[in-house]
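**Q** Predicted coordinates and the sequence they were generated for:
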Amino acid sequence: MQAAQTRDIPVLEFPKLTALKTERWLVGVHLIVAFSALSLGLLMGPFQAFRRAPALQWDIPIFSYYYQALTLHGVLNALVFTTFFIVGFSYFVTQRTLQRPLASIRVAWAAFVIMLVGLVLAAFAIVTGQANVLYTFYPPMVAHPTFYLGLTLVIVASWMAGGDIFFTYAAWKRDHKGETVPLAVYATLTNFIMWITATVGVAVEVLFLMLPLSLGLVQTTDPQVARIMFWFFGHPLVYFWLLPAYTAWYTMMPKQNGVRLFSDGLGRVAFLMIMLFSIPIGVHHLFTDPGVSEVAKLFHALLTFVVALPSLLTAFNIAATLEWAGRKRGATGLIGWVFKQQWGNPVMAGMITGMLIFIVGGLTGIMNASFTLNLALHNTTWVPGHFHTTLAGGVFLTYMGIFYWLMPFLSGRKLFAPRLATAQVYLWFIGMLTFGLAMGRAGIEGAPRRTDAGAAAYISEAAVPWLNLTAVAGVILLISSILLYIVILGTLFASKKQEKADAEPPIDTKAPADDPSPSIFENWRIWMVVIVISNLVMWGPVLIQALDFTKGFIIFGFHPNAPIPLK
Amino acid sequence: MHIDKFERYWIVAASLMLGAFFAALIASTIVFGVHLPDPAGRINPADAEDWTNQGFATPGLRDMGDNHYEAHIVAQMWLYNTGDVVDGVPTVRVPQGAVVTFNVASKDVTHGFYIEYHNVNIMVIPGQISRATVTFNRPGTYRIICHEYCGNGHHNMNAQVIVEPSA
């Protein structure tokens, strides 16, 4: 009877050109929340640039306090927008690829509600000015408890989402014994395994260190230990943003170009390597910390160079696939294929400009990770310059490329003003390249990051023109942002309804049969063991060295507005 | 799993490139002696005795002879206490060619300690002593900047190193 029931799970027919109701609402609400949060977070960006530019020094509207605006910018864009977008997108990819509903639609909705409550709690603390602690919330600086509670809820909900996706895969696997899972779901699984492992660090930090301190249950903490726990999570966080973009490049871009991926197997190797190597390298964010040994820093630097390899594999695989696409359209010569890409299509323009700017992001990332070279860069504006070319560049532009087919497909409406969408993408690309360059140069001239430079007394003369250039980039990015929301609102409210989409979602439901990958790639037990052991080896000694076994936690908390310990 | 010939070349080339980068970093430390911060001891900012014993009750520069100096600096919301002030700016005054070991401790939250155009870039984390050694070869005034957000007045937190030319 039991067996019969499991087999009777309704197999949904996924119509090629229309979205199912479950997809439409579940994925749709994730996107709506993501882009609502982003609208405010995005707006803070250019105004920070205007505030920091010596030529302007404008006050930031709405949230006039610089560090409040900066906290809002970081939390809404990097934590809220990304998490909602990724969870919604991952649901879509999993359901469509495996051609079956999620293991539990109820869990998915529950996760959404919990995540939304978390967002509201965290946003309340920030908007009311009780959490001016930036998105890294380093202790002993203390924010309002709802800030930590909200972040905890977002994390817990993302675990539920990941679990749901994994159970969906397990059910598919039972029905498809011996089959290789399509690459898009393989990538999604690696992303959530990495994410769930990594978030343990920040969950422990928030639940056992920050929340009790903020509630006044304990009075002391250990900032060095907290930083170690945060960066156990912090580096995989950036890969959590990146892997959905890689998923689009590897699995959707080929289909959108009418070709197949150059190498499915090496694509899997790339995702597998990132899953394994994105956590035991996080000390490269702590290169200048006094409580971490130089030897540990060297080992983490070494593994950081290893995790650069999958991105270099990606560069070859994706470029080779694009070359095939170009040659198929009649390109000749060595570089003719470059000109035969769909440069005028917002979907492809988003992805290709994303790839191009990610080259800058990847290279500057290798520089940051370069051990002693980090002394010249750490905590200068170079660092936000770098991650605006990765997260706000490669990742965001690719998300735009995804969004410009996903939104019309889900809403059943034509994309409003596709040319405007294309313009949005190119303006963003140019604006973010300019911003990255300007921030990078200002950083080399000694401009510190996370600093209200508009009010500071000490900005180096050599950094001034570059800080002014960030304001120019801010204007370009502000225009691009406005175009983005015109396209979104236009599509939802002013565009033609259509029964059927112009194109089916670019999803492969089968792995290539002619070039099978070794089955060990899908042996998750082995990889989990590797993850646990490698992290015990790489992080265990770092944590033990930082813990003070004789005195315990001795550092009092502080509010960011007064040098008085919270006793 | 098939791997294309050119892809194989690419993997080898990429690995060699990363290997060369890493070798250069090892060389920067072993050959050129540039080091990242290493643990230099703990301190309890709430314990006055500990604070005094480790030299932070009397911040300032000590001449250790042979052109070597040791500086104790307190980082606090939102200023540095270097034991010397020039034109309202906390100052460390050293002669050209001085080899200075900075010991920095925080009284409250996490701060940064960054000296323009020198290899000094270290977090100042309460509970830990931050140590960095640097040689000042060129005369001039170099800013010390707190480069980690430390609250409301973070952007005011700075000091300077004045390197006086040796006659």
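**A** In hand now; what should we look at?

**Q** At the contact with chain B, which residues of the stretch 301-450 of chain A appear?
**A** A:301-302, A:305-306, A:308-309, A:312-313, A:316-317, A:320, A:366, A:370-376, A:378-380, A:446, A:448-450 (Cβ under 8 Å from any Cβ of the partner chain). No exception for glycine: its C-beta is placed from N, CA and C like everyone else's.

**Q** Show the buried residues in the residues you listed.
**A** A:301-302, A:305-306, A:308-309, A:312-313, A:316-317, A:320, A:366, A:370-376, A:378-380, A:446, A:448-450 (16 or more other Cβ atoms under 10 Å in any protein chain shown).

**Q** Keep only those of these that are in helices.
**A** Residues from those lying in helices, with DSSP state H as the criterion: A:301, A:302, A:305, A:306, A:308, A:309, A:312, A:313, A:316, A:317, A:320, A:366.

**Q** What pLDDT does the model give residue A:306?
**A** Note for residue A:306: predicted pLDDT of 94.

**Q** so what's it closest to, chain neighbours aside?
**A** When the adjacent residues along the chain are set aside, residue A:306 lies closest to residue A:277, with 5.4 Å between them (Cβ to Cβ, 6 or more residues apart in numbering or on different chains).

**Q** do residue A:101 as well
**A** Per Cβ to Cβ, 6+ apart, closest to residue A:101 is residue A:12, 5.4 Å.

**Q** ditto for residue A:96
**A** Per Cβ to Cβ, 6+ apart, closest to residue A:96 is residue A:507, 4.5 Å.

**Q** and the one you found, that one's in a helix?
**A** No: read with DSSP: H, G, I helix; E, B strand; the rest coil, residue A:507 is coil and lies in no helix.

**Q** Relative to the whole chain's centre, how far out is stretch A:318-330?
**A** Centroid displacement of stretch A:318-330 relative to its chain, using Cα atoms, centre = their mean, to the nearest Å, is 28 Å.

**Q** Ends of stretch A:254-264, what's the gap?
**A** 11 Å (Cα to Cα, to the nearest Å).

**Q** Please spell out which residues along that stretch are buried.
**A** Applying 16+ other Cβ under 10 Å to stretch A:254-264 flags A:254, A:255, A:256, A:257, A:259, A:261, A:262, A:263, A:264 as buried.

**Q** Repeat that for stretch A:72-81.
**A** A:72, A:73, A:74, A:75, A:76, A:77, A:78, A:79, A:80, A:81.

**Q** pLDDT score assigned to the closest residue to the fifth one other than its chain neighbours?
**A** Nearest residue to residue A:76, sequence neighbours excluded (Cβ to Cβ, 6+ apart): residue A:41, at 3.0 Å. On pLDDT, residue A:41 comes in at 95.

**Q** Sort out which residues of the helix or strand hosting residue A:41 are buried, please.
**A** Per DSSP states H and E, residue A:41 falls inside helix A:21-52. By 16+ other Cβ under 10 Å, the buried positions in helix A:21-52 come out as A:22-23, A:26-31, A:33-38, A:40-52.

**Q** Which strands and helices lie in contact with that helix?
**A** The contact analysis (3 or more Cβ pairs under 8 Å, 6 or more residues apart in numbering or on different chains; DSSP states H and E) places helix A:21-52 against helix A:66-73, helix A:82-98, helix A:105-127, helix A:396-411, helix A:464-489.

**Q** repeat that for 6 Å
**A** helix A:66-73, helix A:82-98, helix A:396-411, helix A:464-489 (3 or more Cβ pairs under 6 Å, 6 or more residues apart in numbering or on different chains; DSSP states H and E).

**Q** and whichever helix or strand comes after the last one, how far from the chain's centre?
**A** Looking back up the chat, that one is helix A:464-489. As assigned by DSSP H and E, the chain's next helix or strand after helix A:464-489 is helix A:524-546. Put simply, helix A:524-546 sits 23 Å off its chain's centre (Cα atoms, centre = their mean).

**Q** next one: stretch A:435-455
**A** With Cα atoms, centre = their mean, you get 23 Å for stretch A:435-455.

**Q** Adding pLDDT and distance to residue A:522, write the buried residues of stretch A:72-81 out as a markdown table.
**A** What follows is these, written out as a markdown table (pLDDT from 0 to 100; distance: Cβ to Cβ, whole Å):
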| residue | pLDDT | distance to residue A:522 |
| --- | --- | --- |
| A:72 | 95 | 41 |
| A:73 | 96 | 39 |
| A:74 | 95 | 36 |
| A:75 | 94 | 35 |
| A:76 | 95 | 36 |
| A:77 | 96 | 34 |
| A:78 | 95 | 31 |
| A:79 | 93 | 30 |
| A:80 | 94 | 32 |
| A:81 | 96 | 31 |
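
**Q** Between these, which sits nearest chain B?
**A** Relative to chain B, the closest of these is residue A:74; by Cβ to the nearest Cβ it sits at 10.8 Å.

**Q** thought the closest one was touching residue A:135?
**A** Yes: using Cβ atoms under 6 Å, residue A:74 makes contact with residue A:135 at a distance of 3.3 Å.

**Q** which residues are in contact with both of those two?
**A** With Cβ atoms under 6 Å, 6 or more residues apart in numbering or on different chains applied, the contact sets of residue A:74 and residue A:135 do not overlap.

**Q** Please report how far residue A:288 lies from residue A:376.
**A** Distance of residue A:288 to residue A:376, given as Cβ to Cβ, to the nearest Å: 11 Å.

**Q** Same check on residue A:146?
**A** On the measure of Cβ to Cβ, residue A:146 and residue A:376 end up 39 Å apart.

**Q** for residue A:305, same thing?
**A** 18 Å.

**Q** Over to residue A:546?
**A** Taken as Cβ to Cβ, the span from residue A:546 to residue A:376 is 25 Å.

**Q** about what we covered before: quick one, what contacts the residue nearest to residue A:306?
**A** A:303, A:306, A:307.

**Q** The same query, at a cut-off of 10 Å, please.
**A** Residues in contact with residue A:277, defined by Cβ atoms under 10 Å, 6 or more residues apart in numbering or on different chains, are A:194, A:235-236, A:239, A:303-310, A:531, A:534.

**Q** just those residues now: which is nearest residue A:326?
**A** Lowest distance from residue A:326 to these (Cβ to Cβ) belongs to residue A:310, with 24.3 Å.

**Q** next one: the helix or strand that residue A:338 is a member of to chain centre, how far?
**A** Applying DSSP H and E as the criterion places residue A:338 in helix A:336-339. Distance, stretch centre to chain centre, for helix A:336-339: 30 Å (Cα atoms, centre = their mean).

**Q** I'd like the average pLDDT over it.
**A** Helix A:336-339 comes out at a mean pLDDT of 96.
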